[in-house]
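Visitor: Quick one, fold the following:
(2 chains)
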Amino acid sequence: MKKIEPGNKRKGKGANALNDITPQELVRKYASAVLGLCIAHTKNFHDSEDIMQEVFIKAISKLDTLRDTSRTRAWLMQIARRKCIDYHRSRPETLPISEEIEAPAIEKENQINRLHDAISKLPDEYREPITLYYLSRQNCHSVAKTLGISEDAVRSRLVRARLKLHEILSEDI
Amino acid sequence: MNNQDNCTKNREAIAALVLGVLDTKDVDELQKHIDSCQICRKLYQDILDEEKSIRSTFKEIAQKGEVIQSSLIEKLDKNEPVTISSPKIIRRPLIKFAAVAAFILVLICLHQFNILIKGTSIAWADVAERLKNVSSYKSQGWRLLTEIGQEEPFFQCEILRYFSPEHGSIEKSYENGELVMLAYCSLSEKSALIVLPKDKLYFHFELNKELLSLVEYTNPANTDGITKLFGSERCIKLGGREIDGIRTEGFEVKDVKVLSQVPQFLLNTKGFDIRMWVNEETLLPIRIEGEGLVNKSLMSGLKDFKYEEVMSNIEYDVEIDESIFELNIPDDYTLIDPANLSGKAELSMLGIVPCGAAIIIYKNIKKRHNGKNIADNI
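Guide: Next up, the predicted model:
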């Protein structure tokens, strides 16, 4: 019943986002921000990857319901947050990473998992700014736009998040 | 600046420096302090070393993200279905439970037009006036039940619904063109019936105190019920939208706790969001959308799922053939045995499935409706 129509921009009577943005453009433009947000709300990277895809599947199938394209970023973030909430509801408490992931002990993989685990221990208000900051190549303006807050607020949360992250990573050693 | 208190204050500035967000006018002064203070120098060096590792790890993450991004775009370019879900497995017992849960929501739909009547805005008053004169309706729509965390619904059906004030509401659900559920609610007889033709099963129960109180909650005459919400500030105007070439105006009430009276371990629902799209010319709703979460409970098959329903193509004041409401249960259909449901004791205890009463009703139906097949009415 639910069909995802990946085709190009549609021209129709009703004004909606399909007239202004293709699904491909949506993915290209916002993939990084969506991934950042998913990382902020999950406890392992593989789940973040899955949820990121789920977010776009959902968003593309609902793109015709988005009327104001200036809200695309906020709309996507809302879908992502909901998906992350669903993820938490549908899963029991995550096991420690060493037990949960049977991935080969690749150094890079371990680094990602260690960092992800540390981020998951940050207070709620810090996780999104810090993941988005690093994934946007340290661009506070972009983080502010994504989260709908001021750049000053981003900087302030970022600094506190970074110190907290340092504490967590130091304890982990 | 060299004492420990000052160094504590400098921690945020050091983090800001490493992150590259420290105000340029403060950089020189902080650098001088770092050069002269061993504690701050160590903190700065530790965070700086860590920063390199963090940035390189995020670079790895970004690259992995780009791979997913490319894969999604590639699928979209090729018009391939974009999905990550594993093949759908329909668990039939779950559908049975879900059907029961869904049916309870039919009770809400029975009154959802009347919900509008207590609206206090001018637009609602106009709509209410029109609805007061509606004698019957029929509609088409669909319903999706999707397990939380899954993209594909585990149950989806198309719905035909008829309402007549004399008979109540009857709903037929079709899955791939085949009738999978028929749900009938008779308020005059205070009873409800669910038939599952594929399984040749049916479920018949009286609307007990809990369910009747639920119906009462949705009754517009009850000012403490759901209508209170629609008369309140919680009713949001959604603006205009064109549906099938018709200009409509949207209204929404979020987080409607319609099923809060039902014990949570039996049916654990969160709030439902209900949207009405009203034809600007006729002032009658032509599309109604509802969605909400049903959490783990006996009636959800111990699963969390999302409930979505749309009623569209609504026709008012239509002549409804009375035979639609004559339900003839064939002899080879079996009343769903509560023993097959998980938790017979719990269900019986709550009176939601009064086993004895159901058996008596079942026998009466057998007597009243002998021989005719339910398929005759489909």
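
Visitor: CA atoms for contacts and neighbours, from now on please.
Guide: Will do.

Visitor: ok, and the closest non-adjacent residue to B:Lys172?
Guide: Of all residues not flanking B:Lys172 in the chain, B:Leu182 sits nearest, at 4.5 Å (Cα to Cα, 6 or more residues apart in numbering or on different chains).

Visitor: Run a quick neighbour tally on the one you found.
Guide: Other residues within reach of B:Leu182, judged by other Cα atoms under 10 Å in any protein chain shown, total 24.

Visitor: could you pull out the helices for the stretch 51-200 of chain B?
Guide: Counting by DSSP state H, counting those that start in this stretch, one finds helices in the stretch 51-200 of chain B at the ranges B:92-110, B:122-132.

Visitor: Comparing these by mean pLDDT, which bottoms out?
Guide: Ranked by mean pLDDT, those bottom out at helix B:92-110, with a mean of 42.

Visitor: about what we covered before: pretty sure the residue nearest to B:Lys172 contacts B:Lys198?
Guide: No - counting by Cα atoms under 8 Å, B:Leu182 stays clear of B:Lys198, with 10.8 Å between them.

Visitor: I'd say B:Trp142 and B:Val310 touch.
Guide: Yes - judged on Cα under 8 Å, B:Trp142 makes contact with B:Val310 at a distance of 5.5 Å.

Visitor: I'd like to know the beta-bridge partner residues of the residue nearest to B:Lys172.
Guide: B:Lys172, B:Val195 (DSSP bridges).

Visitor: Please tell me I have it right and A:Glu49 contacts A:Leu35.
Guide: Yes - if you go by Cα under 8 Å, A:Glu49 and A:Leu35 touch, sitting 7.0 Å apart.

Visitor: Quickly list what's touching both of the two.
Guide: Shared contacts of A:Glu49 and A:Leu35 (Cα atoms under 8 Å, 6 or more residues apart in numbering or on different chains): B:Gly65.

Visitor: Those two: which has the busier surroundings?
Guide: A:Leu35 (30 against 20).

Visitor: ok, now how distant is that one from chain B?
Guide: Shown here: A:Leu35 relative to chain B, a distance of 7 Å by Cα to the nearest Cα, to the nearest Å.

Visitor: May I ask you to confirm that that residue is in contact with B:Glu66?
Guide: No - using Cα under 8 Å, A:Leu35 is not in contact with B:Glu66, being 9.8 Å away.

Visitor: is it true that B:Lys303 lies in a helix?
Guide: No - checked against DSSP: H, G, I helix; E, B strand; the rest coil, B:Lys303 lies outside a helix; its state is coil.

Visitor: Report the separation between it and chain A.
Guide: 9 Å.

Visitor: What about that residue, how many residues nearby?
Guide: By other Cα under 10 Å, neighbour count at B:Lys303 equals 18.

Visitor: which residue is nearest the middle of chain A?
Guide: In chain A, the residue lying closest to the centroid (Cα atoms, centre = their mean) is A:Leu37, at 2.3 Å.

Visitor: next helix or strand past the strand or helix carrying that one?
Guide: Assigned by DSSP states H and E, A:Leu37 belongs to helix A:23-40. Note on helix A:23-40: by DSSP H and E, the next helix or strand toward the C-terminus is helix A:45-61.

Visitor: Next, the buried residues of that next one.
Guide: Using 16 or more other Cα atoms under 10 Å in any protein chain shown as the test for burial, helix A:45-61 gives A:45, A:47-49, A:51-61.

Visitor: Can you narrow the residues you listed down to the ones near chain B?
Guide: Among the buried residues of helix A:45-61, the residues within reach of chain B (Cα under 8 Å from any Cα of the partner chain) are A:49, A:53-54, A:57-58.

Visitor: thinking again about what came up before, what about the helix holding A:Leu37, distance to the chain center?
Guide: Relative to its parent chain, helix A:23-40 has a centroid offset of 7 Å by Cα atoms, centre = their mean, to the nearest Å.
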